[in-house]
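Enquirer: here's a sequence, model it:
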Amino acid sequence: MAAPAALVQYVVLRGDLARPPRSWPLGAVVAQGCHAALAAAHAYRERPDTAAYLEQGGAMRTVVLEAPDEASLMDLEQILREKGVEHLLWTEQPEGIPTCLALRPYPKDQVQRHLRNFKLLK
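Expert: Numbering: from 1, shown residues only. Below you'll find the model as predicted:
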């Protein structure tokens, strides 16, 4: 019997938010990722993969990637929508700034190909 596929939640944050001219504090940028990850887990809480991921507790695997700017984040959002990959785009309010998106937890091999062009957030 094959081992179950590793579940992972991908979070893609805009890196430009932390750099000039925006220069958001690190905590504000991290909060965007937290909001997106929690909102995606909540929105897709009925999916078996989401439930299994949350049951892992301290063994949950989250990968945080960087989108260089708003345009690249929105391009990814369009691709994910077209491919039927369930995700949530987080938009900071009241400013209306798209800051981050998070996929619901998926088996890594089902979604990794859509995220190849993004590097780990540094």
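Enquirer: now for the longest helix along the chain, which elements pack on it?
Expert: Using DSSP state H, we find that the single longest helix of the chain is helix 26-43. When contacts are defined as 3 or more CB pairs under 8 Å, 6 or more residues apart in numbering; DSSP states H and E, helix 26-43 packs onto strand 7-14, helix 48-55, strand 87-92, strand 97-103. Placement of C-beta: from N, CA and C, glycine included.
Enquirer: quick one: strands adjacent to the third one?
Expert: Paired neighbours of strand 87-92 in the sheet (DSSP bridges): strand 97-103 (antiparallel).
Enquirer: and the partner strand, what's its mean pLDDT?
Expert: For strand 97-103, mean pLDDT rounds to 98.
Enquirer: the next helix-or-strand element following that strand pairs with which strands?
Expert: Heading C-terminal from strand 97-103, the first helix or strand you meet, by DSSP states H and E, is strand 106-107. Partner strands and pairing direction for strand 106-107 (DSSP bridges) are strand 7-14 (antiparallel).
Enquirer: what comes up buried for the partner strand?
Expert: 7-14 (16 or more other CB atoms under 10 Å).
Enquirer: again, but for stretch 93-108
Expert: In stretch 93-108, counting by 16+ other CB under 10 Å, buried: 98-106.
Enquirer: over to stretch 59-75?
Expert: 63-67, 72-73.
Enquirer: pipe those residues into JSON lines and attach distance to Ala40, pLDDT and secondary structure per row.
Expert: Below are those laid out as JSON lines (distance: CB to CB, whole Å; pLDDT from 0 to 100; DSSP: H, G, I helix; E, B strand; the rest coil):
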{"residue": "Val63", "distance to Ala40": "13", "pLDDT": "97", "secondary structure": "strand"}
{"residue": "Val64", "distance to Ala40": "13", "pLDDT": "98", "secondary structure": "strand"}
{"residue": "Leu65", "distance to Ala40": "14", "pLDDT": "98", "secondary structure": "strand"}
{"residue": "Glu66", "distance to Ala40": "18", "pLDDT": "98", "secondary structure": "strand"}
{"residue": "Ala67", "distance to Ala40": "16", "pLDDT": "98", "secondary structure": "strand"}
{"residue": "Ser72", "distance to Ala40": "19", "pLDDT": "98", "secondary structure": "helix"}
{"residue": "Leu73", "distance to Ala40": "14", "pLDDT": "98", "secondary structure": "helix"}
